[in-house]
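Chemist: Mind folding the following:
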Amino acid sequence: MALQISATNPEHPALLLDLPWDIPLEEWPEHHLVPLPRGISRHVVRYARAGAEVVAVKELAERPALREYELLRGLDRLNIPSVDPLAVVTGRTDTAGGPLESVLITRHLGGSMPYRSMFETTMRPATMHRLMDALAVLLVRLHLAGFAWGDCSLSNTLFRRDAGAYAAYLVDAETGEVHPQLSPGQREYDLDLARVNISGELLDLEASGALHPSVDPIEFGMEICKRYEGLWRELTRTSVYPAGKHHYIDRRIRRLNELGFDVAEMQIAHSSNGDTVTFVPKVVDAGHHQRQLLRLTGLDTEENQARRLLNDLESWMATQDDYAPGDPLAARPEVLAHRWVRDVFRPTVRAIPLDLRGSMDPAEIYHELLEHRWYLSERAQHDIDLDTVVRDYVTNILPGMRDTLSPAAGGGADAQAGGTTATGEGA
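Modeler: Numbers count the residues shown, from 1 in each chain. Purely as a prediction, here's the structure:
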């Protein structure tokens, strides 16, 4: 059988041809390799340079190589954090014509580290908790997508710093299975494997002296179960709230944000007697809100501002008579978003006197008003309308902030009053 390179990108085979496919991976010359830290693997794995790319090359039998390649491509299409599959090389032979195992090639995940490299110096327990959090988040996301990992462990994961926290990426999908939806038994099996694997890996670190003396490997193995169960419950339960209690929805969104998740969509359905709404959260990637808000409204904001404004936009859209997700005859989200900017966002911001705005831009003003509405609604235990919120904010909050809200340099209060957005229009 002739050498065959199956790749996701037509350019990759040409880059990969220069690698020594007629030599067993374990014997590759040093000049082809890149000295990056590697985790423990049941297969031979090496990092190599292919053109401008650094790639991970894993040697395994043809059928599992092709299967894992397709599984990783599927995860990539679902935007699940995992290594990027580039190619599978089959039909390898040595210089004497003897068969060699196939290889799976993935792109090196820049800035990532295997867990053993992170423990080369004793890791503080607080940092370990963050690693467990990141791994639990990854497992929840996989299960929400119908992917049963079959071998969740620290060894099969890469970790990367993400805005002060850690993000976990699946690096080994060989044992994975894709289903339309996972049963509770499938999820529990995956979780039990994760608990056993992680406890065993930490016991190995303890035996080598690389584990902090205060860390109990068994307890840390149990921690991923607790973290996973809390996340799964919060992300999958459908909540029913009384009408007029939309601040309960804000409370739920805040809990999801605190757990490390964002909200991509809300489904608010009024019951026949109009006294309940249903709220379903979904998982999104980092930076989603900035891009989504800019696309829908033209408002260019910081990520936390965008998250808060989009949550308010989603809640407002659900109250509109022509809002019907999936209905081709209903108003498009872009149309509703434009209406929200025109009828809600701009009038609310303009209600704040120019001399009290200081250096706050329109998105920050609106964000602060939403925060104040949350506070007032929680205190009153019922929804407070925006007009009341603005009056209370102007009377009781802004005067005390005058010293800290100095006008932006060069523009002053008048320049801030317009609050230019990406559309070029003032708020």
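Chemist: Please count neighbours and contacts with C-alpha atoms only from this point.
Modeler: Fine.
Chemist: Quick check: Leu86 is in a strand.
Modeler: Yes: per DSSP: H, G, I helix; E, B strand; the rest coil, Leu86 lies within a strand segment.
Chemist: Spatially, and excluding backbone neighbours, which residue is closest to it.
Modeler: With CA to CA, 6 or more residues apart in numbering as the criterion, Leu86 has its nearest non-adjacent residue at 5.1 Å, and that residue is Thr106.
Chemist: how many neighbours does the one you found have?
Modeler: 22 (other CA atoms under 10 Å).
Chemist: so what strands line up beside the helix or strand hosting it?
Modeler: Assigned by DSSP states H and E, Thr106 belongs to strand 102-107. In the sheet containing strand 102-107, its partner strands are strand 53-60 (antiparallel), strand 84-90 (antiparallel), by DSSP bridges.
Chemist: any residues touching it, and which ones?
Modeler: 53-62, 65-66, 69, 83-92 (CA atoms under 8 Å, 6 or more residues apart in numbering).
Chemist: So which of the strands paired with strand 102-107 is the most surrounded?
Modeler: Most buried of the strands paired with strand 102-107, by mean neighbour count (mean count of other CA atoms under 10 Å): strand 84-90, with a mean of 23.
Chemist: Now the nearest residue to Asp94 once chain neighbours are set aside: phi and psi?
Modeler: The shortest distance from Asp94 to any residue other than its chain neighbours is 4.3 Å, reached at Asp22 (CA to CA, 6+ apart). Main-chain torsions, Asp22, degrees, to the nearest 10: phi -90, psi 10.
Chemist: Now do the same contact list for Asp22.
Modeler: By CA under 8 Å, 6+ apart, Asp22 lies in contact with 92-95, 100.
Chemist: Name the weakest-confidence residue in the residues you listed, if you would.
Modeler: Ranked by pLDDT, these bottom out at Thr95, which has 89.
Chemist: I'd like the distance between the nearest residue to that one once chain neighbours are set aside and Glu101.
Modeler: Distances taken as CA to CA, 6+ apart place Asp22 nearest to Thr95, at 6.0 Å, with adjacent residues excluded. Computed as CA to CA, to the nearest Å, the Asp22 to Glu101 distance reads 10 Å.
Chemist: Mean pLDDT per helix and strand in this structure: which one sits at the bottom?
Modeler: helix 412-418 (a mean of 34; mean pLDDT, DSSP states H and E).
Chemist: Any regions of the stretch 101-250 of the chain where pLDDT drops low?
Modeler: 120-122, 162-165, 238-247 (pLDDT under 70).
Chemist: Okay, the residue sitting furthest away from the middle of the chain and Ile23: tell me how far apart.
Modeler: The centre of the chain is farthest from one residue, Ala96, which by CA atoms, centre = their mean lies 48.3 Å away. Distance of Ala96 to Ile23, given as CA to CA: 10 Å.
Chemist: same question, Val45
Modeler: 14 Å.
Chemist: And the two? Which one has more around it.
Modeler: Val45 (20 against 15).
Chemist: beta partners of that one?
Modeler: Bridge pairing for Val45 - DSSP bridges - gives Lys58.
Chemist: Report the contact partners of it.
Modeler: By CA under 8 Å, 6+ apart, the neighbours of Val45 are 25, 38, 56-59.
Chemist: CSV for those, including pLDDT?
Modeler: Listed next are the contacts of Val45 as CSV, based on pLDDT from 0 to 100:
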residue, pLDDT
Leu25, 94
Arg38, 79
Ala56, 93
Val57, 95
Lys58, 95
Glu59, 95
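Chemist: on that earlier part again, adding distance to Asn396, neighbour count and secondary structure, write the contacts of Asp22 out as CSV.
Modeler: CSV is the format used below for these (distance: CA to CA, whole Å; neighbours: other CA atoms under 10 Å; DSSP: H, G, I helix; E, B strand; the rest coil):
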residue, distance to Asn396, neighbour count, secondary structure
Arg92, 75, 22, coil
Thr93, 78, 19, strand
Asp94, 80, 13, coil
Thr95, 82, 10, coil
Leu100, 76, 20, coil
